[in-house]
Every structure is written in structure tokens, then in C-alpha cells.
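**Student:** okay, predicted coordinates and the sequence, questions at the end:
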Amino acid sequence: MLVLAYADDVHIVGPPARAVKAYNRWVELYESELQGNLRPDKSVCFAPSVPLEEVAAAGLPVKSLECPSGMPVVHDGTRVLGAPVGSLPFQAQFASERVAEICADIETICLMPTLQHQNCLATGSTVHRINHLLRNIAGGELDPFAPVAAVYDRAVLSVPRRLAGMTALSGSTERLASLPGRLGGLGYTTWSQSADSAFLASYVHISHAFPSLFPGLARVYPSAHTLASADEARSVSQPALHAFNALARLVSRAPSVAEVVRRDAAKPIKQLQHAFTLALASADQEDLLLALVTASPHHPRAAATLRSNSSDSTTFSVIASDDSNTFSNSAFEVAIRRRLLLPLTTTLRNESRRCPSCAATSDEMYKSHPLIPKVDEFGDHALHCPCGSLQRIRAWHDPVRDMCLSLARQAK
């Protein structure tokens with residue numbers, strides 16, 4: 001028998017006769033020593049393979065028509081410390097309810113008046129609420145969790161789509177939005193990017209901690225990197241099989257994950273998940289860069305911008321506090337579009353763009369790059385317009401240059 005307690009939650013695991021006896025003793029101690037009152041109807045008996053009659057015969061006050069204040073008995077699953085424990089259908093239903101709560105929060109975020117605040121709250125808090133769930137379920141197993149994963153990803157990616165003022169985003173743009181800020185994205189991590197990393201981080205932590213904490217259960221959670229095949233993992237336990245599959249999927253996309261599993265097994269779950277997610281995101285960024293270069297081999301603008309954005313991980317995470325770090329909604333939409341490599345303007349077939357400062361048009365091409373218009377759809381012309389960039393030079397370029405020079409001189 002096993003008794004697990006955390007704060008005011010107590011879980012008694014074992015055969016019905018012994019578990020019920022331990023529960024009755026716990027009730028006696030709680031009421032005599034702590035002067036409390038344990039209500040059976042506020043507890044739950046999870047009996048995955050034990051008939052209701054056998055539970056009642058063991059002496060547990062089971063909820064029934066004759067005893068409405070008794071303890072309810074469930075067979076499919078229950079909630080333990082905010083995580084589902086039970087069958088895969090129960091876990092999928094629990095995940096669906098949890099995702100529905102997060103989707104409701106995202107809809108509430110849409111009511112905030114400023115786009116900058118919407119982005120800060122969504123990326124700084126809301127998208128991380130799924131982590132605890134994904135650490136406790138095999139969310140990467142697509143059959144039971146595919147529907148809820150699709151609902152979650154649509155809800156999360158609707159935020160950057162709305163911030164950019166777009167009706168839809170392409171697959172590559174959604175991938176870019178889901179990259180972390182340090183890799184040129186916006187940090188809207190999706191279920192498909194987090195599920196395997198979160199579950200594997202939890203499993204690796206358990207396999208490292210159980211030999212000392214729960215030696216009798218350690219064999220159920222062998223080290224993930226020691227499992228040679230799916231058949232071997234299946235013969236050990238269901239969690240071992242899910243961990244083997246998660247590791248295989250991650251390694252197929254980011255080979256460096258295998259080394260992280262071996263090297264960092266002793267680290268906390270949060271750090272492990274971060275390491276796995278970062279390795280996966282780095283591989284996704286490389287794939288995106290290759291796709292951008294392949295799509296425009298003679299115009300490196302998109303790939304160069306993504307590399308440049310990767311050096312800025314703070315602009316979109318700063319909480320607006322004064323005029324120096326606050327965007328208007330129109331300016332923030334422009335910033336989001338440039339971050340996602342989206343055009344700022346669109347024109348009809350026979351229309352052209354004209355710069356109001358220097359009168360250059362999109363019909364004029366650079367001599368050194370005859371396929372690139374001087375007034376482009378991404379707004380790059382404004383950065384080097386010979387007539388309109390004077391204020392930018394005085395207010396931004398020159399002060400930054402002078403400060404860098406001053407720091408360099410002080411370093412000497």
C-alpha cells in the first residue's frame with residue numbers, strides 16, 4: 001500500500017481491504033487530532049478494475065440512493081493535483097475541458113483595448129497554462145488527443161493572426177509565430193511543439209527521482225535512453241512506451257534531444273522541458289530559413305530579416321509602462337507584420353506604391369538588384385529613404401551609434 005500526501009491532499013493507493021482500513025484510520029486521526037470533519041462525498045474512490053460491490057464490501061461508505069452522502073466511486077479516472085489519472089478517453093476528455101478554459105481566456109484577452117497588452121498577456125501567461133497538463137499526459141499520441149490539440153492550436157494561433165490584422169496565416173507564418181522570441185518568433189507555442197517535450201521532461205525527471213523516492217516503482221520508469229525498441233518499452237509499462245515514442249519523435253526532428261536526455265536527467269522538469277523545446281524550435285528555425293532561401297534564392301530579404309529578428313527577444317515581451325515602451329495599435333500591427341515577414345500593404349494588378357517623401361515608386365528597380373522594387377511591400381524603403389529618414393537618423397541611429405562608441409571607449 002502507498003500513501004501520498006501533498007499539502008491537504010491525501011491519496012491512499014492499494015487493495016480495497018487495506019486501502020479502506022487506512023482511510024478509516026485517517027478519518028479517525030483527522031477528527032481526533034486535527035479536530036476536523038472529513039466528508040466522504042467530498043472525496044473520490046478511483047477503482048479502475050474493482051467492482052463497486054467489492055469496494056462497498058470492504059467497508060467504504062459508497063454513495064448510493066440509500067446513502068447520498070457516501071463517497072462516489074469512479075472507474076474511468078480522477079483528478080490528482082490538477083492532472084488526470086485514468087484511461088486515455090478520460091484523459092482526452094479532461095484535456096478537452098482544460099483547453100476549453102484556456103480558449104475562454106483567449107477570447108477574454110481579445111477584449112483588451114491595446115494589442116500590445118493582448119500579446120504580453122497571451123505569451124507571458126496564457127500559453128504556459130497548458131504545461132502542467134502536457135507534463136502529465138502523453139499528448140503527442142495523436143489518436144486520442146488530435147481533436148483537442150487542433151482546437152488548442154487554432155485558438156493560440158488566432159492571437160497573432162488578429163494582432164497582424166490578417167484573416168488567415170500561412171503554415172510557414174504560423175510556424176514562425178510559434179518560435180520563441182530569441183529565434184525570431186513571437187512565442188505562441190503550440191500543442192504539437194510542447195506535448196512531447198513536456199511529457200518526456202516529466203518522465204525523465206521521474207526515472208531519475210523514483211529509484212531513491214519510490215524504489216518499488218522505479219522499474220516502471222526506466223531511463224528513456226536505455227529503451228532499445230517500442231516492444232521493449234511496451235513490455236515494461238505504458239508510460240515507458242509513451243516516453244520512448246516521444247523521444248523518437250523529438251530526435252527525428254532535433255537529434256540533439258538525445259544528448260540532453262543523457263546529460264541533464266538530474267535537472268528539474270521546467271529546465272528539461274525548456275531544453276527540449278529550445279532544441280526543437282532551433283531545428284524548426286533552420287527548416288524555415290532553408291525554406292525561405294529556397295523560395296527566394298536571389299532575394300535574401302526574408303532569411304536575413306529572420307536572422308536579424310533572432311537577436312531581439314525583448315521588444316514583444318516588454319510590458320508597456322510609459323511612452324518610451326508603449327506601441328499604438330497601428331504601430332504594433334506594423335511591428336507584428338514585420339516580425340512575421342508579412343507585407344504591410346497590398347496593391348491591385350495595375351497599381352503601384354509611391355513614397356510620399358522621395359516620390360520613388362514600386363515600378364522602379366534597384367540597379368544592383370533589377371528584380372527588387374525601390375518601394376517594397378514590406379516597408380523596408382522607409383529605413384533608407386533619402387528624404388524621409390532624416391528624423392530616424394537623428395532620433396534613433398545617431399544616439400545608438402554615439403552610445404556604442406562611448407561604451408567602447410570606456411571599455412579601454
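**Tutor:** Here it is on my side, so go on. As the structure is a computational prediction, the values presented were derived from the model and not from experiment.
**Student:** quick check: nearest residue in space to residue 198, chain neighbours excluded?
**Tutor:** The shortest distance from residue 198 to any non-neighbouring residue, by Cβ to Cβ, 6 or more residues apart in numbering, is to residue 134 (3.6 Å). Placement of C-beta: from N, CA and C, glycine included.
**Student:** give me the pLDDT for that neighbour.
**Tutor:** Per-residue pLDDT puts residue 134 at 96.
**Student:** tell me the contacts of it?
**Tutor:** Listed by Cβ atoms under 8 Å, 6 or more residues apart in numbering, the contact partners of residue 134 are 191, 194, 195, 198, 199.
**Student:** 6 Å - rerun?
**Tutor:** Residue 134 sits next to 194, 195, 198 when contact means Cβ atoms under 6 Å, 6 or more residues apart in numbering.
**Student:** the helices in the stretch 1-150 of the chain, which residues?
**Tutor:** Listed in chain order, the helices of the stretch 1-150 of the chain (DSSP state H, counting those that start in this stretch) span 16-33, 52-57, 88-109, 115-124, 131-134, 142-163.
**Student:** next, format these as JSON lines and append distance to residue 182.
**Tutor:** Below are the helices of the stretch 1-150 of the chain laid out as JSON lines (distance: least, Cβ to Cβ, whole Å):
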{"stretch": "helix 16-33", "distance to residue 182": "49"}
{"stretch": "helix 52-57", "distance to residue 182": "52"}
{"stretch": "helix 88-109", "distance to residue 182": "23"}
{"stretch": "helix 115-124", "distance to residue 182": "13"}
{"stretch": "helix 131-134", "distance to residue 182": "18"}
{"stretch": "helix 142-163", "distance to residue 182": "17"}
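**Student:** any idea which of those helices gets closest to residue 203?
**Tutor:** Checking these against residue 203 by Cβ to Cβ gives helix 131-134 as the closest, at 11.9 Å.
**Student:** show me what counts as buried in the closest one.
**Tutor:** 131, 133, 134 (16 or more other Cβ atoms under 10 Å).
**Student:** ok, back up a step: Throw the contacts of residue 134 into TSV and include secondary structure, pLDDT and distance to residue 373, thanks.
**Tutor:** Output for those, formatted as TSV (DSSP: H, G, I helix; E, B strand; the rest coil; pLDDT from 0 to 100; distance: Cβ to Cβ, whole Å):
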residue	secondary structure	pLDDT	distance to residue 373
194	helix	94	40
195	helix	95	43
198	helix	96	45
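**Student:** which of those sits closest to residue 93?
**Tutor:** The nearest member of these to residue 93, counting by Cβ to Cβ, is residue 195 at 16.8 Å.
**Student:** next, count neighbours for the closest residue in space to that closest one that isn't next to it in sequence.
**Tutor:** Nearest non-adjacent residue to residue 195, counting by Cβ to Cβ, 6+ apart: residue 139, 3.3 Å away. Residues near residue 139, counting by other Cβ atoms under 10 Å, number 29.
**Student:** next up, the contacts around the residue located most distally from the centre of the chain.
**Tutor:** Most distant from the centre of the chain: residue 66, at 46.9 Å, with distances by Cα atoms, centre = their mean. For residue 66, no contacting residues are found, by Cβ under 6 Å, 6+ apart.
**Student:** next: residue 5.
**Tutor:** With Cβ under 6 Å, 6+ apart, residue 5 has no contacts at all.
**Student:** run through the bridge partners of it.
**Tutor:** On the basis of DSSP bridges, residue 5 is bridged to residue 10.
**Student:** any idea how far it lies from residue 12?
**Tutor:** For residue 5, the distance to residue 12 (Cβ to Cβ, to the nearest Å) stands at 9 Å.
**Student:** rewinding a little: nearest to residue 311, of the helices of the stretch 1-150 of the chain?
**Tutor:** For the helices of the stretch 1-150 of the chain, the distance to residue 311 is smallest for helix 115-124, at 18.2 Å, taking Cβ to Cβ.
**Student:** how far off centre is that closest one?
**Tutor:** Put simply, helix 115-124 sits 15 Å off its chain's centre (Cα atoms, centre = their mean, to the nearest Å).
**Student:** what's the answer for stretch 296-303, then?
**Tutor:** 30 Å.
**Student:** same thing with stretch 192-201?
**Tutor:** Taking Cα atoms, centre = their mean, one finds the center of stretch 192-201 at 9 Å from the center of the full chain.
**Student:** format the CA atom coordinates belonging to it as PDB.
**Tutor:** Written as PDB, here are the backbone C-alpha positions of stretch 192-201 (Å, rounded to 0.1, in the frame of the first residue of the first chain):
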ATOM      1  CA  SER A 192       2.400  20.000 -31.300                       C
ATOM      2  CA  GLN A 193       5.600  21.800 -30.200                       C
ATOM      3  CA  SER A 194       5.100  21.300 -26.500                       C
ATOM      4  CA  ALA A 195       3.400  17.900 -26.000                       C
ATOM      5  CA  ASP A 196       6.300  15.600 -26.500                       C
ATOM      6  CA  SER A 197       8.800  17.900 -24.800                       C
ATOM      7  CA  ALA A 198       6.600  18.300 -21.700                       C
ATOM      8  CA  PHE A 199       5.800  14.600 -21.300                       C
ATOM      9  CA  LEU A 200       9.400  13.500 -21.900                       C
ATOM     10  CA  ALA A 201      10.700  16.100 -19.400                       C
END
